[in-house]
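> I would like the atomic coordinates for the input below:
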Amino acid sequence: MYDRILVATDGSDNARRATHQALDLARQSGAELHAVYVIETRTGYDNAIVDPDTVRQNLREEGAEALTAIEAEGKPNISVVTSIREGVPHEELLAYVADQEIDLVVVGAKGRSAFKTILLGSTTEALLRADQVPVLVVNSTSE
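From the prediction side, this is the model:
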């Protein structure tokens with residue numbers, strides 16, 4: 001069914017629920033799980049008060065922590081590949097999908113980004129609109 005599943009994480013509760021779904025699917029199908037954390041570059045922290053390098057480093061550490069947790073949850077039965085990328089989240093995720101020949105993307109309905117739409121997070125909506133790969137959207141009540 002699936003050989004490579006991508007789960008996009010931002011460390012939010014919705015992302016953790018999406019991770020559980022992705023792990024279950026990977027376990028059931030024997031797929032390799034790719035976990036990707038994207039450091040958002042379109043934020044408003046680039047000012048004289050907040051050092052952007054400090055923010056990026058904090059986000060990198062947060063991402064590494066989130067990805068390590070996913071690797072631990074996958075052990076020992078699921079092969080987990082992790083990646084931290086920087087850029088516009090949906091663009092980075094779509095590039096990863098193409099580069100790694102991903103069969104399915106699993107995402108939370110909304111993440112932590114300040115850029116939100118009414119029903120879906122902007123990243124989730126952009127992935128759906130791209131129509132590049134099937135996308136499983138996990139809502140806030142899924143487990």
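> contacts, neighbours, all on C-alpha from now
Noted.
> so how many other residues sit close to the closest residue to residue 87 other than its chain neighbours?
Nearest residue to residue 87, sequence neighbours excluded (Cα to Cα, 6 or more residues apart in numbering): residue 41, at 5.0 Å. Neighbours of residue 41 under the rule other Cα atoms under 10 Å: 14.
> so residue 41 makes contact with residue 91?
No - in this structure, residue 41 is not within contact of residue 91 by Cα atoms under 8 Å, at 11.4 Å.
> returning to what we had before: can you pull the pLDDT of the residue nearest to residue 87?
Listed pLDDT for residue 41 reads 73.
> any idea how far residue 1 is from it?
34 Å (Cα to Cα, to the nearest Å).
> what does residue 10 give?
Taking Cα to Cα, one finds residue 10 at 26 Å from residue 1.
> can you list contacts of stretch 56-64?
Residues outside stretch 56-64 that contact it (Cα atoms under 8 Å, 6 or more residues apart in numbering): 10, 11, 37, 38, 39, 84.
> and it, C-alpha only, in CSV?
The C-alpha trace of stretch 56-64 is given here as CSV (Å, rounded to 0.1, in the frame of the first residue of the first chain):
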residue,chain,number,x,y,z
ARG,A,56,16.3,29.7,14.8
GLN,A,57,18.6,27.8,17.2
ASN,A,58,15.7,27.4,19.7
LEU,A,59,13.4,26.1,16.9
ARG,A,60,16.2,23.7,15.7
GLU,A,61,16.5,22.3,19.2
GLU,A,62,12.7,22.0,19.5
GLY,A,63,12.6,20.3,16.1
ALA,A,64,15.3,17.8,17.1
